[in-house]
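Peer 1: sharing a model prediction with you, sequence too.
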Amino acid sequence: MGEKKLWLRWTRIGLFSFCLFILTTQVTWAKPVAMHIMEGYLPLSWCLFWFVLALPFWLFGFWRVQKITQKPEKRLLLGLCGAFVFVLSALKMPSVTGSSSHPTGTGLGAILFGPATMSVLGTIVLLFQALLIAHGGLTTLGANAFSMAIVGPCLAFALWHTLKDRLPQQIVVFLAAALADLATYVVTATQLALAYPDPVGGFWAAWLKFATIFALTQIPLAISEGILTVLIFNALQSDAAVDLQLLGVSS
Amino acid sequence: MTSLSKTINLKQTVLLVAIVVFLAVIPLFLNRQSEFGGADTVAKEALVANNVQPWFKPLWEPPGSETESLLFALQAGFGAGIIGYFFGYKRGLKASKQQTEAVNNISDVSN
């Protein structure tokens, strides 16, 4: 009977996301803005600003990563979290607006190891993409890391810790990963609006323009990201429950 | 009991994968005229339209879309390899533990 309820619940979630999806296709056909800010497209002062903001997270994260890698059983799980970001950020999925973008994959690592550790893993992936694929950039690395590797994971971490005892675990994992994905885009919109405010309406007009586009066009992608994170979390629950207990993630 | 919850989990997994595939496939039918270019290229065009000039160029760029897709495939393949290794290792560990326990039980009985 309990299983039947679970099945029903997921069917409801499926229907709900389908309705959301249909809604988004009806509401907007506008073109989305970037996931990562391209090389050279952010003024030097803003590049420095975001580097400085990201620095404390990186330093604390390096320290955390060093501690984690001293323990073999945690090291393997850390590798898994990094690999998950690698795979998900390579998946350029078609979006309802007629262009492609990719999920971030940072929610899983943020839940398991916290946002500081994730800031390091996410930045490694961004560095790889900036150097080898000319996706994102070195000058914009601070800004891109701040949105994808810091704010997203921080939100996922906060959601996980406030909701994990109040809602079913899978729902919390879904929400943490999906909203971290959305937050990444909203921060990118903020960064672009700060650097290029609207000549008439200023920052808020530019922000509203970017953020409304993001919020509506990225919802299907955030749903996908949330579901993919739930899937890998389920696999961890069945095959690596001991590791999760070791990290204090499941009781 | 365990086999029952396993079938439920399988159903759930299939449903979830189906939603992800659905979300990725439907746009292809909704925007038949689109080529689904990268969202950041669209953003660059928007900035160029507002007279924004890049002040720094990528140190290296893939010569074309074929090399770029090669690197993206390597990135995904590398990550998927590690994920496969992780779960294979964990399952193997579990299986060998069960086997050792079974062997121990048999020797206990024969003694």
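Peer 2: Yes, it's here.

Peer 1: wait, B:His36 sits on A:Ser101?
Peer 2: Careful, residue B:36 is Phe and not His. No - contact criterion C-beta atoms under 8 Å: B:Phe36 and A:Ser101 do not qualify, at 9.7 Å. The way it works is simple: take the backbone N, C-alpha and C, and place the C-beta from them, glycine included.

Peer 1: quick one, which of these two is more surrounded?
Peer 2: Neighbour tally, B:Phe36 and A:Ser101, criterion other C-beta atoms under 10 Å in any protein chain shown: the higher count belongs to A:Ser101, 25 against 17.

Peer 1: which strand residues bridge that one?
Peer 2: Taking DSSP bridges, one finds A:Met93 as the beta-bridge partners of A:Ser101.

Peer 1: now do the helices in the stretch 101-250 of chain A.
Peer 2: A:106-113, A:115-132, A:141-144, A:152-163, A:169-195, A:202-217, A:219-239, A:241-246 (DSSP state H, counting those that start in this stretch).

Peer 1: give me whichever of those is most buried.
Peer 2: Mean neighbour count (mean count of other C-beta atoms under 10 Å in any protein chain shown) peaks for helix A:106-113 among the helices of the stretch 101-250 of chain A, with a mean of 29.

Peer 1: follow-up on the earlier one: B:Lys11 is nearest to which of the helices of the stretch 101-250 of chain A?
Peer 2: helix A:219-239 (12.2 Å; C-beta to C-beta).

Peer 1: rewinding a little: which one of the helices of the stretch 101-250 of chain A has the lowest average pLDDT?
Peer 2: Among those, helix A:202-217 has the lowest mean pLDDT, at a mean of 78.

Peer 1: domain map for chain B?
Peer 2: B:1-56, B:62-111 (automatic domain parsing).

Peer 1: okay, these in JSON lines with mean pLDDT next?
Peer 2: As requested, the domains of chain B are exported to JSON lines (pLDDT from 0 to 100):
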{"stretch": "domain B:1-56", "mean pLDDT": "77"}
{"stretch": "domain B:62-111", "mean pLDDT": "89"}
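
Peer 1: got these as CSV, with distance to chain A columns?
Peer 2: Putting these into CSV (distance: least, C-beta to the nearest C-beta, whole Å) gives the following:
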stretch, distance to chain A
domain B:1-56, 3
domain B:62-111, 3
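
Peer 1: what's the overlap in contacts for B:Phe36 and A:Ser101?
Peer 2: Residues touching both B:Phe36 and A:Ser101 (C-beta atoms under 8 Å, 6 or more residues apart in numbering or on different chains): A:Ser95.

Peer 1: for stretch B:50-60, measure first residue to last.
Peer 2: Stretch B:50-60 has its terminal residues 26 Å apart, counting by C-alpha to C-alpha, to the nearest Å.

Peer 1: swap that for stretch A:209-224, sorry
Peer 2: Taking C-alpha to C-alpha, stretch A:209-224 runs 24 Å from one end to the other.

Peer 1: A:Ser89 contacts A:Pro103, doesn't it?
Peer 2: Yes - assessed by C-beta under 8 Å, A:Ser89 is found in contact with A:Pro103 at 7.1 Å.

Peer 1: roughly how far apart are A:Gly201 and chain B?
Peer 2: Computed as C-beta to the nearest C-beta, to the nearest Å, the A:Gly201 to chain B distance reads 14 Å.

Peer 1: without its sequence neighbours, what residue ends up closest to that residue?
Peer 2: A:Leu208 (8.0 Å; C-beta to C-beta, 6 or more residues apart in numbering or on different chains).

Peer 1: re the thing from before, A:Ser89 and A:Pro103: who's more crowded?
Peer 2: When A:Ser89 and A:Pro103 are compared on other C-beta under 10 Å, the one with more neighbours turns out to be A:Pro103, at 32 against 27.

Peer 1: how about that one, nearest residue that isn't a chain neighbour?
Peer 2: Leaving out its chain neighbours, the residue that sits closest to A:Pro103 by C-beta to C-beta, 6+ apart is A:Glu225, at 3.7 Å.

Peer 1: who's in contact with the most centrally placed residue in chain B?
Peer 2: By C-alpha atoms, centre = their mean, chain B has its centre lying nearest to B:Ala80, at 6.4 Å. Taking C-beta under 8 Å, 6+ apart, we find B:Ala80 in contact with A:Ala83, A:Val87.

Peer 1: quick check, it in a strand?
Peer 2: No - read with DSSP: H, G, I helix; E, B strand; the rest coil, B:Ala80 is helix and lies in no strand.
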